[in-house]
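Asker: Next come a sequence and a model predicted from it.
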Amino acid sequence: ACAFAGLWNCVTINPLNIAAGVWMMLNAFVLFLCEAPFCCQFIEFANAVSVRADKLRPWQKAAFYCGMAVFPVMLSLTLTTLFGNAIAFATGVLYGLSALGKKGDAISYARIHQQQKQMDEEKLTGALEGQA
């Protein structure tokens, strides 16, 4: 979607639209290299880029993908750039959510809260006994 929208964005006279379209096609190529290297099997460095991208932490991927998707929108705010970069931005958001980790259940949070409460009460009673 990003590549097709970028190509469509380049069919204009406005230089900012052309720059945004070229950037969008570059975004699509980078996403293919990082996320689906089997689509670029005839490019020699595709596996090296994919391995390096896999070593990044999820929050780093999130920042990279979201930043990559926001730049063309800032260059040329049109529906084509918004819809074309939506998938790249959504990929970054999903990596950001995975960086936050799994959601804990209420029972484990209640246990942790109960243990902290007991430790606070023990500290308070120990401090009061030390003053007496």
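Answerer: Right, received. Where do you want to start? Numbers count the residues shown, from 1 in each chain.
Asker: which residue is nearest the middle of this protein?
Answerer: Centre of the chain computed as the mean C-alpha position; nearest residue by CA atoms, centre = their mean is residue 62, 1.8 Å away.
Asker: could you say what helices and strands the helix or strand harbouring that one packs with?
Answerer: Here residue 62 sits within helix 58-75, counting by DSSP states H and E. Counting contacts by 3 or more CB pairs under 8 Å, 6 or more residues apart in numbering; DSSP states H and E, helix 58-75 is packed against helix 15-35, helix 79-100. C-beta coordinates here come from the backbone N, C-alpha and C atoms, glycine included.
Asker: ok, the residue nearest to the centre of the chain touching residue 95?
Answerer: Yes: Residue 62 lies in contact with residue 95 (CB atoms under 8 Å); the separation is 4.0 Å.
Asker: Next, residue 14: phi, psi?
Answerer: phi -70, psi 120 (degrees, to the nearest 10).
Asker: typed the wrong thing, it's residue 12
Answerer: The phi/psi pair for residue 12 (degrees, to the nearest 10) reads phi -160, psi 180.
Asker: just wondering, since we're on it, how far is it from residue 18?
Answerer: Residue 12 is 6 Å from residue 18, where distance means CB to CB, to the nearest Å.
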